[in-house]
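Asker: Pasting the sequence and the predicted model now:
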Amino acid sequence: MLGHCINVVAAGAALLGAGWIRRRVSRERLPEPARLRWLAAGVAVLVGGSGLLRALAQGPVHVTGGLRLLGLALAGLILGNLTGRALGLQRRLDAWGRSLARPTVTPGPSTDSRRADFCLGVLLALNPLVIPASIQDALEGRWTGLALKSALDAATLLSWAAGRLEGASSGLSPAGVARLVGPVAVWQAAWTGAAAAAAGALATRGLSTPLMLATDLLILCSAPAIAGIRGTPQANLLPTLLWMPILHGWMRGTTP
């Protein structure tokens, strides 16, 4: 659960400190968003890649077993992508994102500003990275995925709040912070809680390892989207989380 706490605290701190930073740091001195995105993408490769290497190290040591595990990962990723495309996950997520982004681009007076706060919070919550990172945090206490998500959220919120508070004498109100951070906290807590509740059953049936392998794959494959490369269907890969345990059970001759 540490990753969940890190994300919520980082997002809240970015919002509460936005006014102070805006008054003391010029916009020209802030890091370039593109450079931050590529740095975060590199961290995603490191987090996801290290998880895959850990899974291989804990699995069979012989070549056949390693190839079998890699084949399982590749098959799960392909089937997950095909399922996501058939369900139109990325297309639906993009449509929701465009709808939610409108109030955040041109926030109006009080009522519109409150709606813009909430819409931006929902936008951050809908990041597909939340799901695999929350599962990792719940099953093995691996908080690095959510720490990466917290850095992305904090950078987004800091930039947005600094622009909105330009010329203001104080930062966002506690209610504004709650509207922005609340959707992220609730959505992450739901996935973390669900994974924690299922941890015992997954471990009993031997499905924790393939599920963790799937989360590592998804975090690794999120790097292009984090870097800002357009057309990266990150949400379409989410069904991999279902296909990996199914394939693992099938290969063992059991039904997951």
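Answerer: Everything's here; your move.

Asker: Please tell me how far the nearest residue to V130 once chain neighbours are set aside sits from K149.
Answerer: Spatial nearest neighbour of V130, chain neighbours left out: Q188 (5.7 Å); criterion: C-beta to C-beta, 6 or more residues apart in numbering. For the C-beta atoms, the positions are set from N, CA and C on the backbone; glycine is no exception. Noted for Q188: a distance of 8 Å to K149, by C-beta to C-beta, to the nearest Å.

Asker: Over to T204?
Answerer: Look at T204 and K149: by C-beta to C-beta, they are 29 Å apart.

Asker: quick one, which of those two is more surrounded?
Answerer: A count of neighbours by other C-beta atoms under 10 Å puts K149 above the other of T204 and K149, at 30 against 9.

Asker: Quick check: the gap between C119 and G88.
Answerer: From C119 across to G88, the span is 22 Å (C-beta to C-beta).

Asker: L152 too?
Answerer: For L152, the distance to G88 - C-beta to C-beta - is 25 Å.

Asker: just A154 next, same as before
Answerer: 31 Å.

Asker: More neighbours: the two, which one.
Answerer: Using other C-beta under 10 Å, the more surrounded residue of A154 and G88 is A154, with 19 against 13.

Asker: check contacts around S99.
Answerer: S99 is in contact with no residue at all, counting by C-beta atoms under 8 Å, 6 or more residues apart in numbering.

Asker: elements contacting the helix or strand harbouring D153?
Answerer: Element membership for D153 (DSSP states H and E) is helix 144-164. Judged by 3 or more C-beta pairs under 8 Å, 6 or more residues apart in numbering; DSSP states H and E, the packing partners of helix 144-164 are helix 2-24, helix 33-58, helix 110-125, helix 130-140, helix 174-204, helix 208-221.

Asker: Tabulate the ones you listed (TSV), appending mean pLDDT.
Answerer: Compiled in TSV, the helices and strands packed on helix 144-164 are given as follows (pLDDT from 0 to 100):
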stretch	mean pLDDT
helix 2-24	58
helix 33-58	79
helix 110-125	72
helix 130-140	91
helix 174-204	85
helix 208-221	90
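
Asker: out of those helices, which comes closest to L158?
Answerer: The minimum distance between L158 and the helices and strands packed on helix 144-164 falls on helix 2-24, with 4.4 Å, by C-beta to C-beta.

Asker: just to revisit the earlier point, looking at the helices and strands packed on helix 144-164, which is nearest to P245?
Answerer: When those are compared by C-beta to C-beta, helix 208-221 sits nearest P245, at 5.1 Å.

Asker: helices or strands next to the closest one in the packing?
Answerer: Where contact means 3+ C-beta pairs under 8 Å, 6+ apart, helix 208-221 is packed against helix 33-58, helix 63-87, helix 130-140, helix 144-164, helix 174-204, helix 240-251.

Asker: just so I know, which of those lies nearest L213?
Answerer: Closest approach to L213 among these (C-beta to C-beta): helix 33-58, 4.8 Å.

Asker: now the closest one and helix 130-140, what's the angle there?
Answerer: Computed by axes from the mean of the first three to the mean of the last three C-alpha atoms, to 10 degrees, the angle separating helix 33-58 from helix 130-140 equals 40 degrees.

Asker: Can you point out the buried residues in helix 33-58?
Answerer: For helix 33-58, a neighbour-count test (16 or more other C-beta atoms under 10 Å) marks 36-37, 40-41, 43-45, 47-48, 51-52, 55-56 as buried.

Asker: Among those residues, which one sits closest to L124?
Answerer: Comparing the buried residues of helix 33-58 against L124 with C-beta to C-beta picks out A40 as the nearest, at 14.0 Å.

Asker: show me the contacts for that closest one.
Answerer: Going by C-beta under 8 Å, 6+ apart, A40 touches 148, 151-152, 226-227.

Asker: and with 10 Å instead?
Answerer: Applying C-beta atoms under 10 Å, 6 or more residues apart in numbering, we find A40 in contact with 148-149, 151-152, 155, 222-223, 226-228.
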